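> what's the 3D shape of this:
(2 chains)
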2 protein chains.
Amino acid sequence: MNFQVPSAMTAYSIGKGVSLNDAEELEAALHHIGETRYHSLHPFHKLLHGGKLNKGQVQAWALNRYFYQSTIPLKDAMVISRFRDRATRIEWRHRIEDHDGDADSEGGIDRWLKLTEGLGLDSAYVESTEGILPATRFAVEAYVHFCRDKSPLEAIASSLTELFAPNLHEERISGMLQHYDFVNPDIMSYFKRRLAQAPRDANFALAYVREHAMTPEQREQVCNALIFKTNVLWVQLDALYHAYVEGHIPPGAFVPERN
Amino acid sequence: MNFQVPSAMTAYSIGKGVSLNDAEELEAALHHIGETRYHSLHPFHKLLHGGKLNKGQVQAWALNRYFYQSTIPLKDAMVISRFRDRATRIEWRHRIEDHDGDADSEGGIDRWLKLTEGLGLDSAYVESTEGILPATRFAVEAYVHFCRDKSPLEAIASSLTELFAPNLHEERISGMLQHYDFVNPDIMSYFKRRLAQAPRDANFALAYVREHAMTPEQREQVCNALIFKTNVLWVQLDALYHAYVEGHIPPGAFVPERN
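Residues are numbered from 1 along each chain as shown, chains lettered A, B, ... in the order given. Down below sits the predicted model:
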């Protein structure tokens, strides 16, 4: 394998002069992107997991992230809508179920509402999404639009951040339980469940792009789709940091009670 | 006129319990939104106009704002595409010309490139948009999507920030010329030209929504479209402030040379 760490990665692409010649080189490039761009590296997460935030700041994070979580089934339905191939649709469908649950069983969105409720937020307010940061909304909606407007291959590739999620979730569960007296295992059930779900989903998507990205150009598209997605996640934390750590809450957004 | 200043404006709407009963009340509400939400109020603009930024920070602003400027003709073409009514299409069309110019005459985008070039940025780099903040991209693209996905009335209403632009541009021209030795009247020609263009455009859009928003619900939609647009502008300045004033430049984005 001849994969060279790209030296000219921009905000949107792995940069010029990178030629990924086979699936091994593609996978190495994807891991490099994860190691340098995944939001586990963001300062906001260091504060969150290290117990450095107050309850209002953790509320702001959970409130905003609810919009991301509750948009995932729409995103996944969009991905499904791009495939005439029945087998891929069938494979992807359980993702919607994972998040939406069923008439008699809870899904990821219910588990996220357990978290926001456990943090003292009113569920009707959370579900209204009226208090989220505009940057959260723009970034999350960009993800849905990406899956509609780009190629089906890129739509699948943009889910590949899940390759890196389990480590982050492990760190989050232990860090938040250790540091915050307002967090208990029950309200953290979302992340616990994702520890099993994310690797299965990520493995399918990885195998898919390894098989279907057959030219250097397509491998580059796959990498840039992952970079796009890391931006979707990073922008959300930048906005939280700016509003709730540095104190520049934009007009009309959630204002924590003093605590 | 019974317009009451809305007390429950959220990040996205004028809030519950507001009923706008005629065009006068609508216009009063629009002015209230401008006075409380337009980005002339943003701390980044106070720094920019007050001479408190260094050249690299002004470059970052002009570089990012180029993406907004160069997207406006796409947005306006999208607005035109929503109207079967020929008269509205004809009325709107000059906006594209204002920004794109013609084979033998410059337009707003050329004038913006004069600004970025005058600030020492390479035009090929600016036009590539590879160095802009992801939040800029998400916010600006959200504006195009809004004009595609919402009603034609809302698409027009989202342009109403131009009601408030001339004051801001006046302040910008005099403030930047006074405070920065790297700014001269020639590179500020974009704003000077907009002093004449924006009021004409804003007056048409205002007359349009006054006439075509015929129910309280439609007047509310018009207000919320303007609030949406103020968010598009505000998010861009929040992202600039976070990255270039507070120093959290996201991966791959423009890094100013020391100056």
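> mind checking which helix or strand the closest residue to residue A:180 other than its chain neighbours is in?
Distance criterion C-beta to C-beta, 6 or more residues apart in numbering or on different chains; nearest residue to residue A:180, sequence neighbours excluded, is residue A:51 at 6.3 Å. The way it works is simple: take the backbone N, C-alpha and C, and place the C-beta from them, glycine included. Counting by DSSP states H and E, no helix or strand carries residue A:51.
> give me the low-pLDDT residue ranges for chain A?
Where chain A drops to pLDDT under 70, the residues are A:1-6, A:259.
> how about the strands in it?
Counting by DSSP state E, chain A has no strands at all.
> For it, which segments are assigned as helices?
Using DSSP state H, the helices of chain A run over residues A:23-37, A:43-49, A:55-81, A:86-100, A:108-118, A:123-128, A:134-149, A:152-157, A:165-179, A:189-212, A:216-240.
> CSV for these, including mean neighbour count and distance to chain B?
Listed next are the helices of chain A as CSV, based on neighbours: other C-beta atoms under 10 Å in any protein chain shown; distance: least, C-beta to the nearest C-beta, whole Å:
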stretch, mean neighbour count, distance to chain B
helix A:23-37, 19, 5
helix A:43-49, 19, 7
helix A:55-81, 20, 11
helix A:86-100, 16, 22
helix A:108-118, 19, 17
helix A:123-128, 14, 8
helix A:134-149, 23, 4
helix A:152-157, 22, 16
helix A:165-179, 16, 17
helix A:189-212, 17, 21
helix A:216-240, 23, 4
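> any chance of those helices in TSV, plus distance to residue B:28?
Formatted as TSV, the helices of chain A follow (distance: least, C-beta to C-beta, whole Å):
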stretch	distance to residue B:28
helix A:23-37	47
helix A:43-49	40
helix A:55-81	31
helix A:86-100	43
helix A:108-118	36
helix A:123-128	26
helix A:134-149	24
helix A:152-157	45
helix A:165-179	47
helix A:189-212	45
helix A:216-240	31
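> for those helices, which one sits closest to residue B:200?
With C-beta to C-beta, the closest approach to residue B:200 among these belongs to helix A:134-149: 28.6 Å.
> From the contact counts, what lies against the closest one?
For helix A:134-149, the packing partners by 3 or more C-beta pairs under 8 Å, 6 or more residues apart in numbering or on different chains; DSSP states H and E come out as helix A:55-81, helix A:152-157, helix A:216-240, helix B:134-149, helix B:216-240.
> same for the third one, what does it pack against?
Which is helix A:216-240. On a contact count with 3+ C-beta pairs under 8 Å, 6+ apart, helix A:216-240 meets helix A:23-37, helix A:43-49, helix A:55-81, helix A:134-149, helix A:152-157, helix B:134-149, helix B:216-240.
> The third one versus helix A:165-179: what angle between them?
In terms of direction (axes from the mean of the first three to the mean of the last three C-alpha atoms, to 10 degrees), helix A:55-81 departs from helix A:165-179 by 160 degrees.
> what packs against helix A:55-81?
In terms of contacts (3+ C-beta pairs under 8 Å, 6+ apart), helix A:55-81 is packed against helix A:43-49, helix A:86-100, helix A:108-118, helix A:123-128, helix A:134-149, helix A:152-157, helix A:216-240.
> for the fifth one, the distance to its chain's centre please.
Shown here is helix A:134-149, whose average C-alpha point lies 12 Å from the average C-alpha point of the whole chain (C-alpha atoms, centre = their mean, to the nearest Å).
> Same question for the longest one.
Counting by C-alpha atoms, centre = their mean, helix A:216-240 is centred 10 Å from the centre of its parent chain.
> quick one: it to helix A:23-37, angle?
When the same axes, to 10 degrees is applied, the directions of helix A:216-240 and helix A:23-37 differ by 20 degrees.
> re earlier: so which of the helices and strands packed on helix A:216-240 comes closest to residue B:23?
Per C-beta to C-beta, nearest to residue B:23 of these: helix B:216-240, 8.2 Å.
> which non-adjacent residue is nearest the spatially most central residue of chain A?
For chain A, the residue nearest the mean C-alpha position is residue A:233 (5.6 Å; C-alpha atoms, centre = their mean). Nearest residue to residue A:233, sequence neighbours excluded (C-beta to C-beta, 6+ apart): residue A:39, at 4.1 Å.
> right, and that neighbour touches residue A:231 too?
No. Counting by C-beta atoms under 8 Å, residue A:39 does not reach residue A:231; the two are 9.6 Å apart.
> before we move on, back to that, right, so of the helices and strands packed on helix A:216-240, which gets closest to residue A:113?
helix A:55-81 (7.4 Å).
> Just want the angle from that closest one to helix A:86-100.
For helix A:55-81 against helix A:86-100, the angle by the same axes, to 10 degrees is 160 degrees.
> List the contacts of the spatially closest residue to residue A:15 that is not a sequence neighbour.
Distances taken as C-beta to C-beta, 6+ apart place residue A:8 nearest to residue A:15, at 3.2 Å, with adjacent residues excluded. Going by C-beta atoms under 8 Å, 6 or more residues apart in numbering or on different chains, residue A:8 touches A:15, A:16, A:17, A:18.
> Closest one of those to chain B?
When those are compared for distance to chain B (C-beta to the nearest C-beta), residue A:15 comes out closest, at 8.8 Å.
> ok so, going back, present the helices and strands packed on helix A:216-240 as JSON lines; the columns should include distance to residue B:156.
Output for the helices and strands packed on helix A:216-240, formatted as JSON lines (distance: least, C-beta to C-beta, whole Å):
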{"stretch": "helix A:23-37", "distance to residue B:156": "38"}
{"stretch": "helix A:43-49", "distance to residue B:156": "38"}
{"stretch": "helix A:55-81", "distance to residue B:156": "27"}
{"stretch": "helix A:134-149", "distance to residue B:156": "21"}
{"stretch": "helix A:152-157", "distance to residue B:156": "32"}
{"stretch": "helix B:134-149", "distance to residue B:156": "9"}
{"stretch": "helix B:216-240", "distance to residue B:156": "8"}
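> So residue A:123 sits against residue A:114, correct?
No. Counting by C-beta under 8 Å, residue A:123 sits too far from residue A:114 to count as a contact (9.4 Å).
> Name the residues contacting each of these two.
With C-beta under 8 Å, 6+ apart, residue A:123 and residue A:114 have no common neighbours.
> which residues touch stretch A:200-217?
Stretch A:200-217 is contacted from outside by A:19-21, A:23, A:26-27, A:30, A:88, A:91, A:95, A:153, A:156-157, A:159-160, A:162-163, A:165, A:218-219, A:221-222, using C-beta under 8 Å, 6+ apart.
> coming back round to it: next one: the residue nearest to residue A:15 from residue B:94, what distance?
Distance from residue A:8 to residue B:94, counting by C-beta to C-beta, to the nearest Å: 40 Å.
> Would you write a PyMOL line that selects the buried entries of the contacts of residue A:8?
For the buried members of those, the matching PyMOL selection, counting by 16 or more other C-beta atoms under 10 Å in any protein chain shown, is:
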select buried, chain A and resi 15+18
